[in-house]
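Visitor: With the input below, show me the fold.
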Amino acid sequence: MQDIIDKLGQALLMAAGMAWQTGWTLVLGFTISALLQSVVSTEQMKRALGRSGPKEIALACLAGAASSSCSYASAAIMRTLFKKGAALITSLAFLFASTNLVLELGIILYLLLGWQFMAGEWIGGIVLIIVMSLLVKLTYPKTLVEAARTHEEAAGGHQHMSMAVEGTTLRARLLKPETRVKVAQNFTMEWSMLWKDLLIGFLVGGFLSAFVPDAFWKALFLTDASPWIKIPLNALLGPLIAVATFVCSIGNVPLAAVLWAGGASFGGVLAFLYADLIVLPLLDTYRRYLGWRMAAYIGGVFYMTMVIAALVMDLSFTGLGLIPSHDTNVREQLTHFSLNYTFWLNLAFGALGLYLWWISRRHPMQHGHASHDHAHHGKNN
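Guide: Numbers count the residues shown, from 1 in each chain. Predicted structure coming up:
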């Protein structure tokens, strides 16, 4: 019994450490995302993404990187873009960018796992989009795409309506007094969609680090096997673990740290991180938005894309000698608290977060301007 109590304390301490190390980055990332959502409307993105050429894909990447890091909100925006005429490749590129190229995800990876994983996530995000584009071009299901555009959606879903300020130029929108209110409202909305995922991610990561022995992870990821076997199998396994745990968006970063500490390969951890777009609740969201056949097609293409991209990144980083060492004690790093830069950044950005929350409380969203249904058939985000 004492052993269980000790491990429970270790799990909670680990979860608290993860939250502490990443707190300020979340406020920073959500603030930037809220600002961009407030001055760039979905309508503007629709007009720019009608084709699937390099220019449109690049614009989709920029729009995705600047948008919400919530997987469900990104899926809702993707659905809107696609059904209003954006090309399939461009719409899916936006989806990948919005969950792999966002600022806060890279910073959290840097803090928990090091710059190599940050680079692997951001560079890998570009590789994901290139691989996905090629796979869709090779397998383009024209009839399926036409049916998905006119698919009648089932009830429910995560609605993420545009909250952009009106104005003729970007400068004019930035200088409008109501921009501050819109930023605060979008910031609060972002937290309302993601706090449960983050909490689950920290708790799952903490409990797995305390209760699952390292021997289990070493056996699962074939730590002692030949790299020719270990690397491809880890890349295949990473997305499946993500599907099984269904912790999406940036909430899966703490678990990625546990997998790396347990012996997973660099590519296997990246494949796990990439796979937040094929967790079961999101696949069900695609089904409701676009029909089950398109959801199955997206799931298959995404899985192959994630495996291939993870292999490319693993082989590239191995060839360049950039794979980080497994000797780093992730648990010790995350449970060490001191009056360092993290403390002061958490203090400053915590004050900013409270200020934005206070503004949004004083100016609540009006019914009809934005609608948010948090029902995800068993999962809220």
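Visitor: Doesn't Phe216 lie inside a helix?
Guide: Yes: Phe216 forms part of a helix when assessed by DSSP: H, G, I helix; E, B strand; the rest coil.
Visitor: what's near enough to touch the nearest residue in space to it that is not next to it in sequence?
Guide: Distances taken as CB to CB, 6 or more residues apart in numbering place Gly262 nearest to Phe216, at 7.5 Å, with adjacent residues excluded. For glycine as for every other residue, the C-beta is placed from the backbone atoms N, C-alpha and C. For Gly262, the contact set (CB atoms under 8 Å, 6 or more residues apart in numbering) comprises Val212, Asp214, Phe216, Trp217, Lys218, Leu220, Phe221.
Visitor: Could you measure from Phe211 over to Trp358?
Guide: 39 Å (CB to CB, to the nearest Å).
Visitor: Redo the contacts of Gly262 as TSV? Include neighbour count, distance to Phe317 and pLDDT.
Guide: Shown next, in TSV, are the contacts of Gly262 (neighbours: other CB atoms under 10 Å; distance: CB to CB, whole Å; pLDDT from 0 to 100):
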residue	neighbour count	distance to Phe317	pLDDT
Val212	13	26	79
Asp214	12	23	74
Phe216	13	26	85
Trp217	18	20	78
Lys218	14	21	82
Leu220	18	22	87
Phe221	23	17	87
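Visitor: what residues does stretch 118-131 touch?
Guide: Taking CB under 8 Å, 6+ apart as the rule, stretch 118-131 contacts 57, 61, 93, 96-97, 100-101, 105-107, 109-110, 266, 270, 273-274, 305-306, 308-310, 312-313, 317, 322.
Visitor: what about 7 Å?
Guide: Contacts to stretch 118-131, defined as CB atoms under 7 Å, 6 or more residues apart in numbering, come from residues 57, 61, 93, 96-97, 100-101, 105-106, 109-110, 266, 270, 273-274, 305-306, 308-309, 312-313, 317.
Visitor: separation between Lys176 and Trp357?
Guide: With CB to CB as the criterion, Lys176 and Trp357 are 21 Å apart.
Visitor: which residues of the stretch 251-381 of the chain fall in helices?
Guide: Under the criterion DSSP state H, counting those that start in this stretch, the stretch 251-381 of the chain contains helices at 253-262, 266-274, 280-290, 292-319, 330-334, 341-362.
Visitor: Just the angle for the first one relative to helix 266-274, thanks.
Guide: Note on geometry: by axes from the mean of the first three to the mean of the last three CA atoms, to 10 degrees, helix 253-262 and helix 266-274 are set 160 degrees apart in direction.
Visitor: any idea of the angle the longest helix along the chain forms with helix 253-262?
Guide: In the chain, assigned by DSSP state H, the helix with the most residues is helix 2-39. Per the same axes, to 10 degrees, the angle that helix 2-39 makes with helix 253-262 is 130 degrees.
Visitor: So for helix 2-39, mean pLDDT?
Guide: For helix 2-39, the mean per-residue pLDDT is 80.
Visitor: so how far is it off the chain centroid?
Guide: Its chain's C-alpha centre and that of helix 2-39 lie 14 Å apart, by CA atoms, centre = their mean, to the nearest Å.
Visitor: Stretch 230-247 now?
Guide: Distance, centroid of stretch 230-247 to centroid of chain: 16 Å (CA atoms, centre = their mean).
Visitor: Alpha carbons of it, as PDB, please.
Guide: The C-alpha coordinates for stretch 230-247 follow below in PDB (Å, rounded to 0.1, in the frame of the first residue of the first chain):
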ATOM      1  CA  LYS A 230      13.300  -1.100 -34.500                       C
ATOM      2  CA  ILE A 231      13.000   2.100 -36.500                       C
ATOM      3  CA  PRO A 232      10.300   1.100 -39.000                       C
ATOM      4  CA  LEU A 233       8.300  -0.800 -36.300                       C
ATOM      5  CA  ASN A 234       8.500   2.200 -33.900                       C
ATOM      6  CA  ALA A 235       7.200   4.400 -36.700                       C
ATOM      7  CA  LEU A 236       4.300   2.000 -37.400                       C
ATOM      8  CA  LEU A 237       3.600   1.700 -33.600                       C
ATOM      9  CA  GLY A 238       3.700   5.400 -32.700                       C
ATOM     10  CA  PRO A 239       0.400   6.400 -34.300                       C
ATOM     11  CA  LEU A 240      -1.400   3.300 -33.000                       C
ATOM     12  CA  ILE A 241      -0.400   4.300 -29.400                       C
ATOM     13  CA  ALA A 242      -1.800   7.800 -30.100                       C
ATOM     14  CA  VAL A 243      -5.100   6.200 -31.400                       C
ATOM     15  CA  ALA A 244      -5.300   4.000 -28.300                       C
ATOM     16  CA  THR A 245      -4.700   6.900 -25.800                       C
ATOM     17  CA  PHE A 246      -6.700   9.500 -27.800                       C
ATOM     18  CA  VAL A 247      -5.000  12.400 -26.100                       C
END
